[in-house]
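Enquirer: have a look at this fold, sequence not included:
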C-alpha cells in the first residue's frame, strides 16, 4: 500500500519557512522562465500561489503524498482555472519518481528529502533518498539548481546526501539563502 502523508500541512513560517524563503530567493534572484519541481506542496500551496500572484514567471510542478493537500490543489484549480496553466500538482510518493514521466527541470526543491522514507517504500521498490536526488538530477541540464531545507528534522541527513553528490562531482555548493542550501548540477 502506498505510503501517504495523512495531514494537510498549513503554512507555519515559524516551524517550516522553506516555501516562504524559496519565494523570496526567486524574487531576490529575478528567477523567471524556469521549470521548478517542488517536493511537498503543503495544503497552503504557497509557492504555486505566489508564482500566480506575480504573473506566473515560472512553471511549477509540485508533488505531494497527502490526499488532503492534493484535494486543496484541486479546489484551487477549480476556483482559479488560470492557476493550473503554470502550477500543477502530482499525487504520489516521491520515492517512486520515474524520470521518464517528469518534465525538464531547471530547479528542484527537495526540502523534505529524508523525512518520509520508511519500510513501506521497501515493500514496493521505492527509491532511497540518494535515488530521489539522482533521479531528479537526471531531469536537469548542467547548471540546474537543487535546494535543501536545513531546518527540517532531517536537514543534516539531506545535507550529507547533497555533499556526497558534491564529493562525487555531480553538484557544486552555492551560497545559502536563509534556511535553504543551494547546489548547482555540474554535468
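Expert: Noted; the coordinates are in hand. A quick note: this is a predicted structure, and the numbers were derived from the prediction, not measured. Numbers count the residues shown, from 1 in each chain.

Enquirer: number of nearby residues for the closest residue to residue 21 other than its chain neighbours?
Expert: What sits nearest to residue 21 in space, not counting adjacent residues and going by Cβ to Cβ, 6 or more residues apart in numbering, is residue 178, at 4.3 Å. C-beta coordinates here come from the backbone N, C-alpha and C atoms, glycine included. Neighbours of residue 178 under the rule other Cβ atoms under 10 Å: 15.

Enquirer: residue 178 and residue 111: what is the separation?
Expert: According to Cβ to Cβ, to the nearest Å, residue 178 stands 12 Å off from residue 111.

Enquirer: circling back: quick check: phi and psi on the residue nearest to residue 21?
Expert: Reported as degrees, to the nearest 10, the phi and psi values for residue 178 are phi 50, psi -120.

Enquirer: verify the contact between it and residue 19 for me.
Expert: No - the pair residue 178 and residue 19 fails to qualify as a contact (Cβ atoms under 8 Å) at a distance of 11.6 Å.

Enquirer: by mean pLDDT, which helix or strand of this protein comes out lowest?
Expert: Here the helix or strand of the chain ranked lowest by mean pLDDT, DSSP states H and E is helix 119-123, holding a mean of 91.

Enquirer: got a list of what the closest residue to residue 28 other than its chain neighbours touches?
Expert: Once flanking residues are discounted, residue 28 sits nearest to residue 177: 7.3 Å by Cβ to Cβ, 6+ apart. Residue 177 makes contacts with 21, 24, 25, 28, as judged by Cβ atoms under 8 Å, 6 or more residues apart in numbering.

Enquirer: how about residue 93?
Expert: Contacts of residue 93 by Cβ under 8 Å, 6+ apart are 2, 3, 4, 65, 116, 121, 126.

Enquirer: give me the lowest-pLDDT entry from the residues you listed.
Expert: Taken together, the contacts of residue 93 show their lowest pLDDT at residue 3, with 87.

Enquirer: neighbours of it, how many?
Expert: Counted with other Cβ under 10 Å, residue 3 comes out at 18.

Enquirer: ok, the one 10 residues further on next?
Expert: A count of neighbours around residue 13, defined by other Cβ under 10 Å, yields 11.

Enquirer: I'd assumed residue 21 was in contact with it.
Expert: No - checked against Cβ under 8 Å, the pair residue 13 and residue 21 is beyond contact range at 9.1 Å.

Enquirer: next, count neighbours for residue 31.
Expert: 16.
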